[in-house]
Structure formats: structure tokens, C-alpha cells
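Participant: Sequence first, then the predicted structure, then my questions.
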Amino acid sequence: AKHGSEVHYTEYPQAGTYATPKTFCPKAAAVTRGELVEAITEISAGLIGHDDKLFVDSGGSRSTNRSLMMTSGGVVHDSHSSNWGIHGGGQQTQGTDILHFGSGRSWKALNDLWDPKYIINRCIRDLTLGDDIVEAPSGTMKAFIDPGVLAAFLSPLVEGINGRTVAMGGSPLAEKIGQRVLDPVFTISDDPHMDYGAGVVMDGEGVPTECHTVVDAGELKMFLYDYDTACMVGATPTGGSRFYDMVVAPGETPHEELLASIDEGVYIRGMLGFGQGNIINGDFSANVSPGYLIRDGKVVGRIKDTMVAGNLYDLLGSNVQLSSNYDKPGRLPWALLDGMSVSSAGKS
């Protein structure tokens, strides 16, 4: 085996085909401490300039990493990576009303995502949409959800395809390979080789990673196994039992048009207490925070004391629309769901 920065696999014929140069890019180390402080200061000043009564919390970080793995099977792997991140947010308090807000970005290398103004504008947009508090709805209705909320809603799938969950008999998806488990709009992949993504060319046991399509047009295609869990069930290891970088294929309509198509519904920007229920089976309940009322295709105000609940497999199983665009640097679109159960305090 050659040591140093080269990758050598003694057991795998595709040796050398897994490293993508852009994945291991230490250029984030070029972010100086002064640049971080300048960006954080700009974010804080922008938010305080919008409203000097806000409690503002802004921050940033940078890191570089190097790891060397050597196995008894003869694998030697020397990897380098880096990361930067900036964020801003805080709390708005008006009497007994409290609104939490925030936005951030992180990446592996400097590019146009290094944009403090984006974070400022996203926070101000949330605050502005929440200026008017309106009566919360109750009943079954459409829900427009942010990419981050979609990630949470897909968590039962993430756990269900985990090789260890499958091997231990805890996955409700264990017998559903080849069956439709989500709406056909969903094609979901795991791409550990994406530029500036997770950047994992092999797992901790020396098994090379690959890009896998886990769900294709709603149909479950495979589970993800590391070497240990693959041996437990007699399967082939896939280079890890979890998603490295989940990618949901986009839909056909921009997210602004999806929102504009809603006669009446809720816009779920974030949630509190998600996980109350049997999440691996899809059952959930959570408080919407922040959340907004949509009427005639427009956000008309913020809703409070509002809870959403249901079964995620049911919600994601039919009548789903995905946006054609992503919110950088995400890999998930916005989504429009039908049949969300919404309840508010004082209503049934």
C-alpha cells in the first residue's frame, strides 16, 4: 500500500475511482478570522438595523480536518476536508408574543454562498411575514413546507432504510423492497461524492462508498448497510448504513408558484417538538413555529398555538408536489402536501 495522500484499496478492483478532487477542498481554511468577524458583525448590524429591540444571536466557524485510516485488510486512506459556516437569528418579543427566527449557511469551500446579506434578508422576511398575527385555522388542509421541514418529514424513511434498524427487526419498511412507499414524485438518492458535500469515499470499515438511488418514483429500491449489518442479514455492504448526502429530485414548478396555487392552507417554516409520536412508523405531532396562514395564494399573517399531526407516510404518499428549485446549498425542494391535520388552541 502507498502511504501519504494517495488512496489504495487492496481488495477492491475499482481502486482510485472514488476520490473526487472537489470533495476534499481545504480552501475553506482561507476564511480568515477577520472575515468571519466581519460577516458576523454585518449580520448582527443588519438585523439590529431592522429592529433595535431584537435579541440577536449571530456566529460563525471554520475548520479543517485530516484523517488517516488503516485497516488489517490493507486499506490505507488519507483524507482532507474543510468547512465554514455563518448564521444569524434571535428572538423578537412583543408583550407576551415571542417569535424565534434564524437562518444560516455552511459549505466546504468559499463561493457565492458566503453571503451575509442573504441571511439578513431571510430573517427579515420571516419577521415581516409575522408582523400580523391572524386567527389560526383548524381542520384538514394543504401545507406548504420549507426544505428543512421536508427533511424532518423524511426522517421515518431515513431510519427505516438504516441497515441496523432493518437487521434488528425495527423497520416498518423491511418487507417493502419493490413496493411504492412514497408519492411517485419522490426520487431520493444518497450521494457521498457530491462536490463539496459529505466527501466520504469509504466508510469506517474500508468499504468504498457509492451513489445509491434509494427511492425511485416512489418505489423503495434498497436499504443501506455497513459491513457489520450486511453480514447480519446476508446482504452486500453499501458503504454505510445511513445517508451521507440525501438528494431529492426536484419537481416541475417553482416554489413561488406552488404557494400561489393554494386557496387556503398553512406555510410551515419550522416546528417545535417534532418527534412526539412513533416517528419510525410515521406518526408525528409538532407545534408550528414559525407558521403562517395562506389565503388566495398569499401569506396573510402568522399563526400561533397551532399544531400539526398525522402520519408522514400517508402525507408523503399521495398528492404531493415538489418545487423545481432548491434553497442553496440544500439538496431538497419545497413541498406542497394535501391532507395535513391542523389544530389550534380553543378549536377542535
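Facilitator: Cool, got the structure.
Participant: what helix or strand does the nearest residue to residue 79 once chain neighbours are set aside sit in?
Facilitator: Using CB to CB, 6 or more residues apart in numbering and skipping the chain neighbours, the partner closest in space to residue 79 is residue 67 (5.4 Å). In short, each C-beta sits where N, CA and C put it, glycine included. Assigned by DSSP states H and E, residue 67 belongs to strand 55-70.
Participant: Extract the C-alpha trace of that strand and format it as PDB.
Facilitator: In PDB, the C-alpha atoms belonging to strand 55-70 read as follows (Å, rounded to 0.1, in the frame of the first residue of the first chain):
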ATOM      1  CA  PHE A  55     -32.400  39.900  20.700                       C
ATOM      2  CA  VAL A  56     -29.800  38.900  18.100                       C
ATOM      3  CA  ASP A  57     -27.500  35.900  18.100                       C
ATOM      4  CA  SER A  58     -25.000  35.600  15.200                       C
ATOM      5  CA  GLY A  59     -22.000  33.400  14.800                       C
ATOM      6  CA  GLY A  60     -19.600  31.700  12.500                       C
ATOM      7  CA  SER A  61     -17.000  28.900  12.400                       C
ATOM      8  CA  ARG A  62     -14.300  27.400  10.200                       C
ATOM      9  CA  SER A  63     -12.500  24.100  10.400                       C
ATOM     10  CA  THR A  64     -10.100  21.900   8.600                       C
ATOM     11  CA  ASN A  65      -9.800  18.200   9.100                       C
ATOM     12  CA  ARG A  66      -7.400  15.400   8.200                       C
ATOM     13  CA  SER A  67      -7.800  11.700   8.900                       C
ATOM     14  CA  LEU A  68      -5.800   8.600   8.200                       C
ATOM     15  CA  MET A  69      -7.400   5.200   8.200                       C
ATOM     16  CA  MET A  70      -5.500   1.900   8.000                       C
END
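Participant: The very next helix or strand once past it packs against which elements?
Facilitator: Past strand 55-70, further along toward the C-terminus, the next helix or strand under DSSP H and E is strand 76-94. The contact analysis (3 or more CB pairs under 8 Å, 6 or more residues apart in numbering; DSSP states H and E) places strand 76-94 against helix 33-50, strand 55-70, strand 97-107, helix 116-129.
Participant: and strand 76-94, average pLDDT?
Facilitator: For strand 76-94, mean pLDDT rounds to 88.
Participant: Please identify the buried residues of that strand?
Facilitator: By neighbour count on 16 or more other CB atoms under 10 Å, the buried set for strand 76-94 is 76-79, 81-90, 92.
Participant: what about the residue nearest to residue 79, how many neighbours?
Facilitator: For residue 67, the count of nearby residues is 10 (other CB atoms under 10 Å).
Participant: Tell me which of the helices and strands packed on strand 76-94 sits nearest to residue 197.
Facilitator: strand 97-107 (9.6 Å; CB to CB).
Participant: and the closest one with strand 55-70, angle?
Facilitator: Between strand 97-107 and strand 55-70, the angle formed by their directions is 30 degrees, by axes from the mean of the first three to the mean of the last three CA atoms, to 10 degrees.
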